[in-house]
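**Q** Provided below are the primary sequence and the corresponding predicted coordinates.
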Amino acid sequence: MSLRQFEYLITVVDEGSFTRAAESLHVTQPALSHQIQALERVVGARLLDRLPRAVRLTPAGRAWLPHARAALAEAERALTAARRTAGVECGELRVATLYSLTLGVLPPVLRCWRAEHPDVRIRLFEHRHADELREAMADGQADLALGPEPANWTGFRQRLGVEEFVVVLPPDTHHREPIDLRELADVGWVHYAPGNGLADLVDAACAERGFQPAAAVRTEQTAAAPVLAASGLGPALVPRNIVPETFDGAVLRTDPPVRRTLVAYAHKTPDPLASAFVALLAEAGWDA
């Protein structure tokens, strides 16, 4: 049993087929199949059901997968730590987060990080929902996560700041700031598609104010919401930090405010490199 075999089977699962996995790994499909069959012989059970147009994990495969992901991630971290100590390279920092935070919170932090640590690569893993992010971190995907506070997390956790949400409307809006979301209860909204964590946040904020927002249009892309709202398709509730300074639309604070606390979290106390990244996040100055 080898880490390469772990990587091969994980890639097949993530890509959904042997063909795409072989292309991603730059190996032939027969070689890939041979390695996975060898792994299954060592495990003593089939890990994949090979369907005509797809692959599916068996019960044994579903039990095996999270441990394999964690083992592969831990091996990569061990290699990076050894190389840092030996001075071979400064290594790679793996950061898991949400798509909306990649748009808003992270760009200025990454710009500062790049200036201070030009030899350290950053690998981002982006997720649509905070629950997916937590699950990925539980599986050992990254060194560090940035997101809403995870439920029942027993490892390292540090509060970073508060993210504020604003309402976006067309530039000729007649609403005054700050705006009460109840003023928008009877109109169609620019909403987020199911599975996007911001859909849950918008629904919860409106429910606290006694109504359910009707969706005039739903978007998968967080960055599209303010653009669609400014064009007149309906109000959108968006993270304030994703709206450009020169944005052509009305951006209104809410009363009462809509906010969420963000934290950095990991399985264990971060090493010095990850700790430096957490410190930079904490100094970002985006507290409400």
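**A** Sure thing, it's come through.

**Q** per-residue confidence averaged over the biggest strand by length in the chain?
**A** The longest strand of the chain (DSSP state E) is strand 250-266. For strand 250-266, the mean per-residue pLDDT is 95.

**Q** for that strand, packing partners?
**A** If you count contacts as 3 or more CB pairs under 8 Å, 6 or more residues apart in numbering; DSSP states H and E, strand 250-266 packs onto strand 144-148, strand 156-169, helix 197-208, helix 272-282. C-beta coordinates here come from the backbone N, C-alpha and C atoms, glycine included.

**Q** The helix or strand of the chain with the lowest mean pLDDT - contacts with which helices or strands?
**A** Sorted by mean pLDDT, DSSP states H and E, the helices and strands of the chain end with helix 59-86, the least confident at a mean of 73. Judged by 3+ CB pairs under 8 Å, 6+ apart, helix 59-86 is in contact with helix 3-15, strand 92-98.

**Q** quick check: angle from the longest strand of the chain to strand 144-148?
**A** In terms of direction (axes from the mean of the first three to the mean of the last three CA atoms, to 10 degrees), strand 250-266 departs from strand 144-148 by 140 degrees.

**Q** In strand 250-266, which residues are buried?
**A** In terms of neighbour count (16 or more other CB atoms under 10 Å), strand 250-266 has its buried residues at Ala250, Val251, Leu252, Thr254, Val258, Arg259, Arg260, Leu262, Val263, Ala264, Tyr265, Ala266.

**Q** likewise stretch 170-186?
**A** For stretch 170-186, burial by neighbour count (16+ other CB under 10 Å) applies to Pro170, Thr173, Ile179, Leu181, Leu184.

**Q** which pair in the residues you listed spans the largest distance?
**A** In the buried residues of stretch 170-186, two members sit farther apart than any others by CB to CB. They are Pro170 and Leu181, at 17.0 Å.

**Q** can you list contacts of stretch 270-284?
**A** Outside stretch 270-284, the residues within contact range by CB atoms under 8 Å, 6 or more residues apart in numbering are 81, 84, 90-91, 93, 95, 105, 108-109, 112-113, 116-117, 120, 143-144, 146, 156, 158, 160-161, 264, 266, 269.

**Q** make it 6 Å
**A** By CB atoms under 6 Å, 6 or more residues apart in numbering, the surrounding residues in contact with stretch 270-284 are Leu93, Val109, Cys112, Trp113, Asp143, Leu144, Gln158, Leu160, Ala264.

**Q** neighbours around the fifth one, how many?
**A** Think Asp143. Asp143: 25 surrounding residues under other CB atoms under 10 Å.

**Q** So it is in contact with Arg94, correct?
**A** Yes. With contact defined as CB atoms under 6 Å, Asp143 counts as touching Arg94 (4.7 Å).

**Q** would a markdown table of the helices and strands packed on helix 59-86 with distance to Asp139, mean pLDDT and mean neighbour count be doable?
**A** Shown next, in a markdown table, are the helices and strands packed on helix 59-86 (distance: least, CB to CB, whole Å; pLDDT from 0 to 100; neighbours: other CB atoms under 10 Å):
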| stretch | distance to Asp139 | mean pLDDT | mean neighbour count |
| --- | --- | --- | --- |
| helix 3-15 | 10 | 81 | 18 |
| strand 92-98 | 10 | 92 | 22 |
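
**Q** Low-confidence regions, the stretch 151-288 of the chain specifically.
**A** Applying pLDDT under 70 to the stretch 151-288 of the chain flags residues 285-288.

**Q** Please repeat the previous calculation with a cut-off of 50.
**A** 287-288 (pLDDT under 50).

**Q** Could you pull up the residues touching Ala193?
**A** Arg218, Glu220 are the contacts of Ala193 under CB under 6 Å, 6+ apart.

**Q** Phi, psi for it please.
**A** The phi/psi pair for Ala193 (degrees, to the nearest 10) reads phi -70, psi 150.

**Q** That one and Leu93, how far apart?
**A** As defined by CB to CB, to the nearest Å, Ala193 lies at a distance of 30 Å from Leu93.

**Q** Same question for Ile36.
**A** Taking CB to CB, one finds Ile36 at 30 Å from Leu93.
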